[in-house]
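> With the sequence up front, the predicted model follows.
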Amino acid sequence: MRTIAVLNCIAVFVFASGCTVGPKYQRASVPVPAKWDVPEPWREGVPKDGVPKGEWWSVFHDEQLDALEKQTLDANQTIKIAAARLEQARASAAVPSLL
């Protein structure tokens, strides 16, 4: 019984000694600039979230492109399904509950 306890203690010490790491870690010192300077022709990106994104193709002033976009939007089944679900939800919200 005593031998089992001694072997357990030895096993614990062996496994615990395997968890030790090497010498104390020291972070490398690298100079970091206060501001990132980007030479030309690169420049900082400027988001244009305020620009309307509706009929973006109209900026090309092309009647054929306008007709193709209208045809595509009219044939888009995903948009039709989404519009039908929206109408269904609005109709459901307008019906008073019977409960």
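That came in fine, so what should we check first? Keep in mind it's a predicted model, so treat the numbers as computed, not measured.
> low pLDDT regions in this protein?
Low-confidence segments of the chain, defined by pLDDT under 70: 16-21, 97-99.
> mind listing the helices in it by residue range?
Ranges of helices within the chain are 2-17, 63-75, 77-94, based on DSSP state H.
> what about those helices, which gets the closest to residue 55?
Comparing the helices of the chain by their distance to residue 55 (CB to CB), the top pick is helix 63-75, with 7.3 Å. (Glycine included, C-beta is placed from N, CA and C.)
> ok, residues contacting that closest one?
55, 57, 58, 79 (CB atoms under 8 Å, 6 or more residues apart in numbering).
> re earlier: let me have the helices of the chain in JSON lines, extended by distance to residue 44 and mean neighbour count.
Compiled in JSON lines, these are given as follows (distance: least, CB to CB, whole Å; neighbours: other CB atoms under 10 Å):
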{"stretch": "helix 2-17", "distance to residue 44": "52", "mean neighbour count": "9"}
{"stretch": "helix 63-75", "distance to residue 44": "32", "mean neighbour count": "11"}
{"stretch": "helix 77-94", "distance to residue 44": "36", "mean neighbour count": "9"}
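> Can I get those in CSV including distance to residue 30?
What follows is the helices of the chain, written out as CSV (distance: least, CB to CB, whole Å):
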stretch, distance to residue 30
helix 2-17, 34
helix 63-75, 52
helix 77-94, 50
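> Identify whichever of these lies nearest to residue 31.
Judging the helices of the chain by CB to CB, what sits closest to residue 31 is helix 2-17, at 38.7 Å.
> rewinding a little: minimum distance to residue 45: which of the helices of the chain has it?
For the helices of the chain, the distance to residue 45 is smallest for helix 63-75, at 27.9 Å, taking CB to CB.
> chain center to stretch 32-45, what's the gap?
Here the centre of mass of C-alpha atoms in stretch 32-45, compared against the chain's by CA atoms, centre = their mean, to the nearest Å, lies 25 Å away.
> Compute the first-to-last residue distance for that stretch.
Using CA to CA, to the nearest Å, the gap from the first to the last residue of stretch 32-45 comes to 22 Å.
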